[in-house]
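dropping the sequence and predicted coords here.
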Amino acid sequence: MTETLTLPSQTDARRTPRIPVAVLGATGSVGQRFVQLLAAHPWFRLHEVVASQRSSGKSYGEAADWRLDTLLPADAAALEVKPLGSDLESRLVFSGLDSSVAGEAEDDYANRGCVVVSNSRNHRMDPDVPLLIPEVNAEHLEAIERQRKRRGSSGYIVTNPNCSTIGLTLAIAPIERRFGIDQMHVTTMQAISGAGYAGVSSYAILDNVIPFIGGGEEEKIETEPRKILGRWENGRFVDAPFRISAQVNRVPTIDGHLMTISMKLREGSADLSKICDAIRSFTGEPQRLALPSAPKQPIHYANEPDRPQPRLDRDREHGMAVTVGRLRPCPLLDIRMVALVHNTIRGAAGAALLNAELLEAKGML
Ligand code: NAP
């Protein structure tokens, strides 16, 4: 089941077996990103693809309406799509399943002994499931032992946050850690790829902005950062104490969620240049461990007065870096700024790959 390849980044030309993986929901918007990013992944190899009854039995090339701007990899196109629930040969399973089915299916695979690295919202707030951004809360992996005990299985689930939450939380993490946040208001302008492939109709979104996103989007942005920036203590997650108010909008960009953020700091206003330094110098476990998908610098600061912009900044560090700009005083709260995240890469499939790389580097696969 494993093959060998030479890692291009390894100067000693060490040969390493690639771990076979399955992707659940492989035909969707996030699933296609998984397939694209796995094609050149040095540690993981796409071995199985899973989707609904509509797709199963077909080749992936037939079932997936490929929408990415790189060609569908030939190896992936030839894989037969398996139905959800079927036995898998891969222990590592990425999930880009629709949330209507993800909850039960991910539990089922974890109980069967799989390591499920999920994008879906269903298990994010479970009391023993890490909601992981490796640069921010790698220590939350401690919750996995408790989860394994509950399941009576060696399998477990790790989740990545909502696509806007990842951008927001990475952008504010250095500020929360150094200066403390008391409360914040965030307004998002979210790209249409975030709505999934069936998504928003062109008639609804072109020449328009829709000030609503279903599925509890605002609630996710108001709650998930508190779990991520909180602590795992005495066998439970303790949320960070700050409060968030979120307003979300769907806008007619393809990829890249932009957000404007105003914050009140716990100790009153801070020196903007110190905040900027904290943002620029922020790194974590992925950078220390030199994980393959890790951006060298997780947060870029853009000095130009009209940046970040989705089209110009979403692909920084292959879509894995968040860009922050326009840091300035806020006349109501203390500071305000703008942040941008590539929603299907750092906000979804790329985030899940980084999570799995962290698990592998920590010997947890
Ligand atoms: P999507 O484009 O609608 O894709 C959904 C996938 O789920 C498809 O592969 C679909 O297979 C499969 N599926 C649907 N119903 C199924 C069923 N009854 N049984 C088995 N498979 C089924 O959605 P998406 O945007 O990729 O999102 C996937 C998940 O990631 C969601 O939970 C979403 O909330 C989350 N997420 C999305 C983003 C983003 O930017 N798009 C970011 C972060 C998280 P068929 O093609 O066979 O129907």
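Sure, I can see it. Residues are numbered from 1 along each chain as shown.

from here on, contacts and neighbour counts on C-alpha atoms
Fine.

so which bits of the stretch 151-300 of the chain are right by the ligand?
Counting by Cα under 6 Å from any ligand atom, the stretch 151-300 of the chain comes close to the ligand at 162-163, 193-198.

buried members of those residues into PyMOL, please.
This is how PyMOL selects the buried members of those, with burial counted by 16 or more other Cα atoms under 10 Å:
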select buried, resi 162+163+193+194+197
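
leaving out the residues flanking it, which one is nearest to the closest residue to the ligand within the stretch 51-200 of the chain?
As assessed by Cα to the nearest ligand atom, the ligand sits closest to Gly196 within the stretch 51-200 of the chain, at 2.9 Å. Here the nearest residue to Gly196 in space, its sequence neighbours aside, is Ser29; by Cα to Cα, 6 or more residues apart in numbering that works out to 5.2 Å.

tally of neighbours for that neighbour?
By other Cα atoms under 10 Å, 26 other residues sit near Ser29.

got a list of what it touches?
Ser29 makes contacts with 193, 196-197, 344, as judged by Cα atoms under 8 Å, 6 or more residues apart in numbering.

repeat that for Met263.
Shown in contact with Met263 (Cα under 8 Å, 6+ apart): 181-185, 330, 333-336.

okay, and Tyr199 sits in which element?
Not quite, residue 199 is Gly, not Tyr. Gly199 belongs to no helix or strand when assigned by DSSP states H and E.

and stretch 91-108, C-alpha only, in CSV?
Backbone C-alpha positions of stretch 91-108 (Å, rounded to 0.1, in the frame of the first residue of the first chain) are rendered in CSV as follows:
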residue,chain,number,x,y,z
ARG,A,91,-6.0,4.7,8.4
LEU,A,92,-5.7,8.4,7.8
VAL,A,93,-8.9,9.9,6.5
PHE,A,94,-9.5,13.5,5.5
SER,A,95,-13.1,14.7,5.6
GLY,A,96,-14.7,17.4,3.4
LEU,A,97,-18.2,15.9,3.8
ASP,A,98,-21.3,17.9,3.8
SER,A,99,-22.3,18.6,7.4
SER,A,100,-25.6,16.7,7.0
VAL,A,101,-23.7,13.4,6.9
ALA,A,102,-20.3,14.3,8.4
GLY,A,103,-21.2,13.9,12.1
GLU,A,104,-22.2,10.3,12.0
ALA,A,105,-19.8,9.2,9.3
GLU,A,106,-16.7,10.7,11.0
ASP,A,107,-17.7,9.1,14.3
ASP,A,108,-18.1,5.8,12.6
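
near the ligand, anything from that stretch?
Yes - using Cα under 6 Å from any ligand atom, stretch 91-108 reaches the ligand at 96-99, 101.
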